[in-house]
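Engineer: Just the structure for this:
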Amino acid sequence: MKVLKYTIPDTPSYFKLELLESARLVKVGRQRGSIQAWFEVLDVDGELSIDKEFQIVGTGRNVGLPESWKHLYTYFDGPFVWHLYEGL
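Structural biologist: Prediction:
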């Protein structure tokens, strides 16, 4: 296993990441001025990469996402509290 880091948007937005199928989110936070997401992966030879969809939403905002999306993580950035959702 290993942990990989990806830079993600620092404002409410929709985005995609190409991740290994085994990727599991372990942490979101600010590092060196950018918001980063750390994913644990199994690092299996031949494992497929897939595009995963994400949405960042601020606290108190209408999420407006399909019911199939799931909440993955809540993180703090200064005075802001953000929520990361994943499309399934």
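
Engineer: make it CA atoms for all contacts and neighbour counts henceforth
Structural biologist: Noted.

Engineer: Note down every partner strand of the top strand by length along the chain and its orientation.
Structural biologist: Counting residues, the longest strand found in the chain (DSSP state E) is strand 49-58. Looking at strand 49-58 with DSSP bridges, its partner strands are strand 14-20 (antiparallel), strand 80-86 (antiparallel).

Engineer: Show the subsequent helix or strand relative to it.
Structural biologist: strand 70-77 (DSSP states H and E).

Engineer: Quick one: distance of that next one to the chain centre.
Structural biologist: 8 Å (CA atoms, centre = their mean, to the nearest Å).

Engineer: Kindly provide the distance from Gln55 to Leu48.
Structural biologist: In this view, Gln55 and Leu48 are 23 Å apart by CA to CA, to the nearest Å.

Engineer: Between the two, point out the one with more neighbours.
Structural biologist: Counted by other CA atoms under 10 Å, Gln55 and Leu48 do not tie: Gln55 has more neighbours, with 21 against 11.

Engineer: could you check the distance from the closest residue to Leu20 other than its chain neighbours over to Ser22?
Structural biologist: Using CA to CA, 6 or more residues apart in numbering and skipping residues adjacent in sequence, the residue nearest Leu20 is Ser49, 4.2 Å away. In this view, Ser49 and Ser22 are 9 Å apart by CA to CA.

Engineer: which one of these two has more residues nearby?
Structural biologist: Higher neighbour count among Ser49 and Ser22: Ser22, with 17 against 13, using other CA under 10 Å.

Engineer: give the contact list for the more buried one.
Structural biologist: 40-42 (CA atoms under 8 Å, 6 or more residues apart in numbering).

Engineer: Now the buried members of those.
Structural biologist: Burial by neighbour count, 16 or more other CA atoms under 10 Å: within the contacts of Ser22 this picks out 40-41.

Engineer: Rebuild the contacts of Ser22 as a markdown table, extending it with pLDDT and distance to Leu4.
Structural biologist: Putting those into a markdown table (pLDDT from 0 to 100; distance: CA to CA, whole Å) gives the following:
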| residue | pLDDT | distance to Leu4 |
| --- | --- | --- |
| Glu40 | 95 | 6 |
| Val41 | 93 | 7 |
| Leu42 | 91 | 11 |
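
Engineer: Thanks again, I'm all set now.
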